[in-house]
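A.B. asks: Structure for this input, please:
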Amino acid sequence: QSFVPKEFLTMIQRFTKKPVSMLTQLAWIFSRSVTHLKRYPNEFLLFLITEIVVGLLVGCAFYLGGRRPFDSYGNLAAIFMSVNGSYAIVFFSVAAYRLSIYAAERPLFLKEYFTGTYRTEPYLGSHFILELAAILIAELPKCLIVYFMFGLSFGFGYYYLLTILMAENAAAIAALFGSIFTKEGAAMGSLNIAIIPQILFGGLFVPVSYLPIWCRWLSYLMFSRYASSLSSFYLFGDCARSDPSEQNPCVQYLRAYQISDDNKGLYWLGFLGLFIVTKVTATVIFAKKARHYE
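C.D. replies: Reported below is the predicted structural model:
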């Protein structure tokens, strides 16, 4: 005992008397992650630069597309698909970025969980805080670039919020796949299983009403459906309300995509609900995998 510092003995005695709370574990993991980020910021800086470059590319491709008049179905389709294209790009980039982080840290976490150092909830909670901060910082300049170069007609706050939610859902998918697969290559290769259905069944480019009836229900499981529905509502809702006649292209477009003014609250709930379900599922799988760690 004489070779062991008194403060260390006191700490050991305190830990053996009662378990460490999840809040304390969260603080420790978060502090460690912040320290790691300060020492090795290149990964985040690369993500930030990539998002800015992507924003410039999207802005150039759809320059002033949002200022087209709402007088034809074709103009509405071009605006709608351009906005949804930006959401799809966010989903790809954020999912790949977060999955690489989960894959790199997964072995250490499984070992710490198996030895009783940390629980799953504080670990994923710390990741959520850091990923949210990273996404808020990285997506802000990109959204500003896309919004003003594209000339969108609805509020920037709505566009930024929908982009953040789409990015957070992509991060939730990354956490889920990071918990399922033990190797980064397998996780990255299988990520298309989650991404492609977002494009095919989420109404990003093809109206949900055009899907076969027997697979139309899949659209309710897609984050992209709620993002595209909400952006369409904020883009064309005022136009449809100002002239509710059948000849109005805005009314025709919203009906083709089955977007109703009455369901706006349900779209937000569906968006958040899928995010929570995905995060909880990832937490459960992480814990199950850790219990069988060798």
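
A.B. asks: per-residue confidence at the closest residue to residue 215 other than its chain neighbours?
C.D. replies: The shortest distance from residue 215 to any non-neighbouring residue, by CB to CB, 6 or more residues apart in numbering, is to residue 201 (7.0 Å). C-beta coordinates here come from the backbone N, C-alpha and C atoms, glycine included. As predicted, residue 201 sits at a pLDDT of 85.

A.B. asks: Over to the one 10 residues further on?
C.D. replies: Reported pLDDT at residue 211 in the predicted model: 83.

A.B. asks: likewise residue 162?
C.D. replies: 90.

A.B. asks: how far out from the middle of the chain is the helix or strand hosting it?
C.D. replies: Under the criterion of DSSP states H and E, residue 162 resides in helix 156-180. Centroid displacement of helix 156-180 relative to its chain, using CA atoms, centre = their mean, to the nearest Å, is 0 Å.

A.B. asks: buried stuff in that helix?
C.D. replies: 159-160, 162-179 (16 or more other CB atoms under 10 Å).

A.B. asks: helices or strands up against whatever helix or strand comes next after it?
C.D. replies: Scanning forward in sequence from helix 156-180 by DSSP H and E, the next helix or strand is helix 184-190. Applying 3 or more CB pairs under 8 Å, 6 or more residues apart in numbering; DSSP states H and E, we find helix 184-190 packed against helix 73-114, helix 156-180.

A.B. asks: and these as JSON lines, adding distance to residue 139?
C.D. replies: Shown next, in JSON lines, are the helices and strands packed on helix 184-190 (distance: least, CB to CB, whole Å):
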{"stretch": "helix 73-114", "distance to residue 139": "7"}
{"stretch": "helix 156-180", "distance to residue 139": "5"}
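
A.B. asks: Go through those and find the least confident stretch.
C.D. replies: Lowest mean pLDDT of the helices and strands packed on helix 184-190: helix 73-114, a mean of 80.

A.B. asks: Could you point out the helix or strand that follows it?
C.D. replies: helix 120-150.

A.B. asks: picking that back up, which one, of the helices and strands packed on helix 184-190, ends up nearest to residue 261?
C.D. replies: helix 156-180 (15.1 Å; CB to CB).

A.B. asks: That closest one packs against which elements?
C.D. replies: Helices and strands touching helix 156-180, by 3+ CB pairs under 8 Å, 6+ apart, are helix 73-114, helix 120-150, helix 184-190, helix 192-201, helix 223-242, helix 264-291.
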